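Peer 1: one predicted model, sequence on top.
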2 protein chains.
Amino acid sequence: MTEQSAPTTAASGSTARGEQTRQLILDTAMRLFRERGYARTTMRAVAQEAGVAVGNAYYYFDSKEHLVQEFYAGTQREHRAAADTVLARERDFGPRLAGVLHAGIDVLSPYHAFAGAFFKTAAEPTSPLSPFSAESSAPRDMSIALFREALTGSTAKLDAELREALPELLWLGYMGVVLYWVHDRSDGQVKTRQLIDGVVPLVDRLVALSRLRVLRPVTRQTLALISTLRH
Amino acid sequence: MTEQSAPTTAASGSTARGEQTRQLILDTAMRLFRERGYARTTMRAVAQEAGVAVGNAYYYFDSKEHLVQEFYAGTQREHRAAADTVLARERDFGPRLAGVLHAGIDVLSPYHAFAGAFFKTAAEPTSPLSPFSAESSAPRDMSIALFREALTGSTAKLDAELREALPELLWLGYMGVVLYWVHDRSDGQVKTRQLIDGVVPLVDRLVALSRLRVLRPVTRQTLALISTLRH
DNA sequence: CCCTGAATTTGAACACGTTCAAGAGGGGCG
DNA sequence: CGCCCCTCTTGAACGTGTTCAAATTCAGGG
């Protein structure tokens, strides 16, 4: 229930004329995506079920894929909310990280069937929907902030430089987890849960080890490489 | 100019009747993909330029995306060939790995402009074109074999268990490099080269360090996790 | 030389995402 | 009230990937 970035505020009941129509179309589309999957949901069906003309849907959304972008933003907000309850409770880095990761998958769960299509659009670099694109920087930054919070709010001790760079790496790892989840055909996507529970202690231990003398050069080199690649 | 996997051999001039047509369509499509990009190449244009009816293209290829799969298989063969010259020369693990990775990007280079579309189809888990799908297991296994060769043909000393599991991890890392390359907008994709040159020494060092007492538990845990996730 | 069955080829037709010119509604202003 | 202008709505039309029943080609047997 947080604010949108749109120019209209949600404070009063009377926003721009078409706001209700927009929401109706979006809700209808999301329902059909869940019921029929992405590919088998036609824009004509969305329009018909919402009781508007097909062109009207295109007045509010640039394309069918942009409907998915709204989904992306929505789950992002839910992820934040779900993670916050865990972050308020835990202090250790491991459980905090696990909590954020599990919360992300929790939120995505109802959409597993059509999440493939979601990732399909996300993978195309020219698409504004790519999680790496400039257009997605807002939700991406919010997601990275979540991992930063998991780290800085914890009792973990680590190098200042690593502390700065790690959140983005954790987000990248999260993208990997989501990729695994999308391909995960196990019952209730149990394997993804196992992946999280197995990988978190490893990350936790490696972060602790990074201060060791033998691993210092590796840490340094890694951070240097990242800063090179970032321009 | 290596052999195809098709049942017909290329030795005599008389293969199945339509083999030439098939190749003509494929070559035309690849040329148009390079010239105009994937999205702006219509199947009608491919058919017209190849001098056949549009339905004929669908007789040989199940879909437009399946034309991309042929591209995938083709570059796989070229990758093998390009990597072999490096692997015949080098003995150290680092240079061997770097050679294989650079060879892969070398082969892909001419297609950078339309590689986005390639990755788009590759990301969808339900698609047979996904590098993780059962249908792509042949090229995937060939690619993994390439990394196994880079490792086993080297002088690197490492745990037997790790030696067994590492090639697949290296292939996974290679997928990551390709993903980075697809998004790489730097001139001539220099940054991808920097990524390879920066990451290879790190991997090399970590593999060496994996035998150290402090890192043994981490290695063990990692390998255990992988075997859990593989069923 | 014709006949038969399979391989190949054709192009009109279909469903879908998307566009766009045209209109409807409705509020502010003279 | 009349006029204007901006927001919103419409649905026919376009271009695309794909399908399919029909036509064509061809090798080999009779």
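Peer 2: Yep, it's here.

Peer 1: got a list of what the nearest residue to residue A:58 once chain neighbours are set aside touches?
Peer 2: Counting by Cβ to Cβ, 6 or more residues apart in numbering or on different chains, residue A:58 lies nearest to residue A:43, which is 7.8 Å off, once chain neighbours are set aside. All C-beta atoms are positioned from the backbone trio N, CA, C, and that covers glycine. Listed by Cβ atoms under 8 Å, 6 or more residues apart in numbering or on different chains, the contact set of residue A:43 reads A:54, A:57-58, A:64.

Peer 1: how about a cut-off of 6 Å?
Peer 2: For residue A:43, the contact set (Cβ atoms under 6 Å, 6 or more residues apart in numbering or on different chains) comprises A:54, A:57, A:64.

Peer 1: which of these has the most neighbours?
Peer 2: residue A:57 (23 neighbours; other Cβ atoms under 10 Å in any protein chain shown).

Peer 1: residues contacting the residue most central in space within chain A?
Peer 2: Nearest to the mean C-alpha position of chain A, by Cα atoms, centre = their mean, lies residue A:76 at 5.1 Å. Counting by Cβ under 6 Å, 6+ apart, residue A:76 touches A:139, A:142.

Peer 1: next, it: phi, psi?
Peer 2: phi -60, psi -50 (degrees, to the nearest 10).

Peer 1: and the gap between it and residue A:200?
Peer 2: 21 Å (Cβ to Cβ, to the nearest Å).

Peer 1: and residue A:52, what pLDDT?
Peer 2: The model reports residue A:52 with a pLDDT of 97.

Peer 1: that one - how many residues pack around it?
Peer 2: That count, for residue A:52 with other Cβ under 10 Å as the rule, works out to 17.

Peer 1: which SS class is it?
Peer 2: coil (DSSP: H, G, I helix; E, B strand; the rest coil).

Peer 1: roughly how far apart are it and residue A:45?
Peer 2: In terms of Cβ to Cβ, residue A:52 sits 12 Å off from residue A:45.

Peer 1: same thing with residue A:218?
Peer 2: 54 Å.

Peer 1: equivalent analysis for residue A:96, please.
Peer 2: Counting by Cβ to Cβ, the gap from residue A:96 to residue A:45 is 42 Å.

Peer 1: pick out whichever of the two has more residues nearby.
Peer 2: residue A:96 (26 against 15).

Peer 1: residues contacting the more buried one?
Peer 2: Going by Cβ under 6 Å, 6+ apart, residue A:96 touches A:90, A:150, A:154.

Peer 1: okay, those residues in a markdown table with pLDDT next?
Peer 2: Formatted as a markdown table, these follow (pLDDT from 0 to 100):
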| residue | pLDDT |
| --- | --- |
| A:90 | 95 |
| A:150 | 97 |
| A:154 | 96 |
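
Peer 1: nearest to residue A:211, of those residues?
Peer 2: residue A:154 (15.1 Å; Cβ to Cβ).

Peer 1: Three-state assignment for the closest one, please.
Peer 2: Going by three-state DSSP: residue A:154 is coil.

Peer 1: quick one: contacts for it?
Peer 2: By Cβ under 6 Å, 6+ apart, the neighbours of residue A:154 are A:93, A:96.

Peer 1: chain A: helices as residue ranges?
Peer 2: A:19-36, A:43-50, A:54-60, A:64-89, A:93-108, A:115-123, A:137-152, A:160-183, A:190-209, A:216-229 (DSSP state H).

Peer 1: contact residues of chain A facing DNA strand C?
Peer 2: Residues of chain A lying close to DNA strand C by Cβ under 7 Å from any atom of the strand are A:41-44, A:54-55, A:58, A:62-65.

Peer 1: buried subset of those as a ChimeraX selection?
Peer 2: Of the residues of chain A next to DNA strand C, the buried ones can be selected in ChimeraX as follows, counting by 16 or more other Cβ atoms under 10 Å in any protein chain shown:
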select /A:41,43,64,65
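
Peer 1: so which of the residues of chain A next to DNA strand C also contact DNA strand D?
Peer 2: With Cβ under 7 Å from any atom of the strand as the criterion, the residues of chain A next to DNA strand C include A:54-55, A:58 near DNA strand D.

Peer 1: for these, which one is nearest DNA strand D?
Peer 2: residue A:55 (1.6 Å; Cβ to the nearest atom of the strand).

Peer 1: now do the contacts for that closest one.
Peer 2: Applying Cβ under 6 Å, 6+ apart to residue A:55 gives no contacts.

Peer 1: with residue A:88 instead?
Peer 2: Residue A:88 neighbours (Cβ under 6 Å, 6+ apart): none.

Peer 1: need the per-residue pLDDT for the closest residue in space to residue A:123 that isn't next to it in sequence.
Peer 2: Computed as Cβ to Cβ, 6+ apart, the closest residue to residue A:123 that is not its neighbour in sequence is residue B:123, at 3.5 Å. pLDDT recorded at residue B:123 is 74.

Peer 1: over to residue A:119?
Peer 2: 75.

Peer 1: my guess is it meets residue A:182, correct?
Peer 2: Yes: with contact defined as Cβ atoms under 6 Å, residue A:119 counts as touching residue A:182 (5.0 Å).

Peer 1: who's more crowded, the two?
Peer 2: residue A:182 (24 against 20).

Peer 1: quick one: the more buried one from chain B, how far?
Peer 2: As for residue A:182, its distance to chain B is 5 Å (criterion: Cβ to the nearest Cβ, to the nearest Å).

Peer 1: surely that residue meets residue B:127?
Peer 2: No: using Cβ under 6 Å, residue A:182 is not in contact with residue B:127, being 11.6 Å away.

Peer 1: joint contacts of these two?
Peer 2: Going by Cβ under 6 Å, 6+ apart, no residue sits against residue A:182 while also sitting against residue B:127.

Peer 1: residues from chain A in reach of chain B?
Peer 2: Proximity of chain A to chain B, by Cβ under 6 Å from any Cβ of the partner chain, involves residues A:116, A:119-120, A:123-126, A:132, A:182-183, A:191, A:194-195, A:198, A:202, A:205, A:218, A:221, A:225, A:228-229.

Peer 1: in ChimeraX, how would I select the buried members of these?
Peer 2: Typed into ChimeraX, the line below selects the buried ones among the residues of chain A next to chain B, using 16+ other Cβ under 10 Å:
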select /A:116,119,120,123,124,125,132,182,183,191,195,198,218,225,229
